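[1] from the sequence below, what's the structure:
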Amino acid sequence: MLLDLKDVYQKEKDLLGKEIILQGWVRNHRKQKEFGFIDFNDGTSFKNLQVVYDSSLKSFDDIQKIHIGSAITVKGTIVESEGGKQDYELKTIEIKVEGDSPEDYPIQPKRHTREFLREQAYLRPRTNLFNAVFRVRSIAAMAIHEYFQSNNYVYVHTPLITTADCEGSDQMFKITTLDFNKLPYVDGKVDMSKDLFGKTAFVTGTGQLHGEAFAMAYKKIYTFGPTFRTEKSNTKTHANEFWMIEPEIAFCDLDGLMDIEEDMLKFVVNYVLEKCPLEIDFFDQFVEVGLKDKLTKLVNSKFTRITHHEVVDILKKADVKWEFEPSYSDDIAKEHEKYITEYFNGPVFITNWPKDIKAWYMKLNADNETVAAVDLEVPGAGELMGGSQREEDYDKLLKRIDEMHVDKETVDWFCNLRKFGGCYHSGFGMGFERLLIYLTGVDNIRDVIPFPRTPGSCDY
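    Numbers count the residues shown, from 1 in each chain. Okay, here's the model as predicted:
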């Protein structure tokens, strides 16, 4: 019978002595004079299966010639292993090579640097590290959907092409069908009315605005998809294409939003711990020592809630020489994020941020100086989520739009949501790759997304 490797490990005792067929790839091939061992994996399990063969097989000489990386079909019998590294192994009856792999196959059974593997991005899922990373990515995505679906949220597919300027057009990719060699000009400017959509359009940086429209009909919605920014940053946590989770909830204030953020994060982390024990153990041993304890501690933590002003008070009183002096009117730096999570020994919600450093759609507080915004800081990763209560007052929103020099015409429909049965509502965004960095201990965004798009890098 043809099985997946995952099924074999779930039923291995029942399969003892039975003949099965597996199809997958050769991870390693250790050859001896009278016998040999193949480390086999088909991608359905993080764990390899040892395939053993000996010289009693007619095809022994041909099997010995099989290269690392080759695709094979193996027929054999599950037997108890004589070695100490595994309980069971597959005793070969027959092996058929489905696709050979030459001697210069780049992914040999040795340690490769992550930089080298980025250059082999189309092959790196075949290594232990990236096999584990992208399996966790898959499981974490499933956890996100399961959390929201089981809590009555509607999954909304917001558009990737938009004319709404949410994050600022200077950070959004412009799209056009115009011929750059024959651009239509009017008064020295390109006439965008001649373009496909009759106006300037962008590749979206967020699904939030369109998500809010659906929240006014479904009460609770979430988006989960790719977003794009033009930011020319080469840090370990920035990319020009990344995935975002963005829930929007009607009849929800800032306190209610923090409840949801905490509940969702704990659910996802616990889900990954339960579904990916082998991968988490691997990361804990080879990537970030103490990762498993860190994640387990988060699941059992109570998240602190504190205002931006109170955070700055703590930072200013700290016996630390800061590289960036904390300020009541500015954002906090990475060093501040690290200090504050260590100070409270766990995740921290920082609320009520200065209005001048936050987005135009956030609810203005009664002090007229701060907005009802919240960032979640977690130990070892810094900011993981950012959200706010949205401004539900039509006139106040228009005033903020004027103050922030936002193009009213592109968001007039968004403002109208306040006129037609609007209500107080909130939402947050979480970068999926930031979450994966936290879950795996792999500290570079380029290594938790299959084919990274960063400044100067758009390969494959």
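[2] pull out the buried positions in stretch 90-105.
    90, 92, 95, 97, 101 (16 or more other C-beta atoms under 10 Å). No exception for glycine: its C-beta is placed from N, CA and C like everyone else's.
[3] let me fix that: stretch 367-376
    Within stretch 367-376, the residues that count as buried by 16+ other C-beta under 10 Å are 370-376.
[4] stretch 15-22 now?
    15, 20, 22.
[5] for the last one, what are its contacts?
    This means Leu22. Each residue near Leu22 by C-beta atoms under 8 Å, 6 or more residues apart in numbering is listed here: 2-5, 8, 40, 42, 49, 73-74, 76, 90.
[6] just the buried members of the residues you listed?
    Neighbour-count burial (16+ other C-beta under 10 Å) is assigned, among those, to 3, 5, 8, 40, 42, 49, 74, 76, 90.
[7] hang on, the fifth one packs against Gly24?
    Yes: between Asp42 and Gly24 there is a contact under C-beta atoms under 8 Å: 3.0 Å.
[8] overlap of the contact sets of those two?
    In contact with both Asp42 and Gly24: Leu5, using C-beta under 8 Å, 6+ apart.
[9] pLDDT value on Asp253, please?
    The confidence metric pLDDT takes the value 98 at Asp253.
[10] quick one: contacts for the residue lying closest to it once chain neighbours are set aside?
    Excluding the flanking residues, the one nearest Asp253 by C-beta to C-beta, 6 or more residues apart in numbering is Gln389, at 5.7 Å. Applying C-beta under 8 Å, 6+ apart, we find Gln389 in contact with 252-254, 257, 362-363, 372-373, 424-426.
[11] thinking again about what came up before, go through the buried residues of stretch 15-22 and flag which are in strands.
    20, 22 (DSSP state E).
[12] let me have the buried residues of stretch 15-22 in CSV, adding distance to Arg229 as columns.
    Converted to CSV, the buried residues of stretch 15-22 look like this (distance: C-beta to C-beta, whole Å):
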residue, distance to Arg229
Leu15, 49
Ile20, 48
Leu22, 43
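[13] that older thread, which of the buried residues of stretch 90-105 sits closest to Met172?
    Checking the buried residues of stretch 90-105 against Met172 by C-beta to C-beta gives Ser101 as the nearest, at 42.4 Å.
[14] quick one: which helix or strand includes that closest one?
    Under DSSP states H and E, no helix or strand contains Ser101.
[15] where does the stretch 101-250 of the chain have low pLDDT?
    Within the stretch 101-250 of the chain, the stretches with pLDDT under 70 are 165-169.
[16] can you give me the strands in it?
    154-155, 161-162, 173-175, 185-186, 189-190, 201-203, 220-228, 241-250 (DSSP state E, counting those that start in this stretch).
[17] would you mind finding the most buried of the ones you listed?
    Of the strands of the stretch 101-250 of the chain, the one with the most neighbours on average (mean count of other C-beta atoms under 10 Å) is strand 241-250, at a mean of 23.
[18] list the strands paired with that strand, with their directions.
    Strand pairing for strand 241-250, determined by DSSP bridges: strand 220-228 (antiparallel), strand 425-431 (antiparallel).
[19] doesn't Lys13 lie inside a strand?
    No: per DSSP: H, G, I helix; E, B strand; the rest coil, Lys13 lies outside any strand segment and is helix.
[20] okay, now it: neighbour count?
    Other residues near Lys13 come to 9 when the count uses other C-beta atoms under 10 Å.
[21] hmm, back to that, from the buried residues of stretch 15-22, which has minimum pLDDT?
    Leu15 (92).
[22] nothing else from me, thank you.
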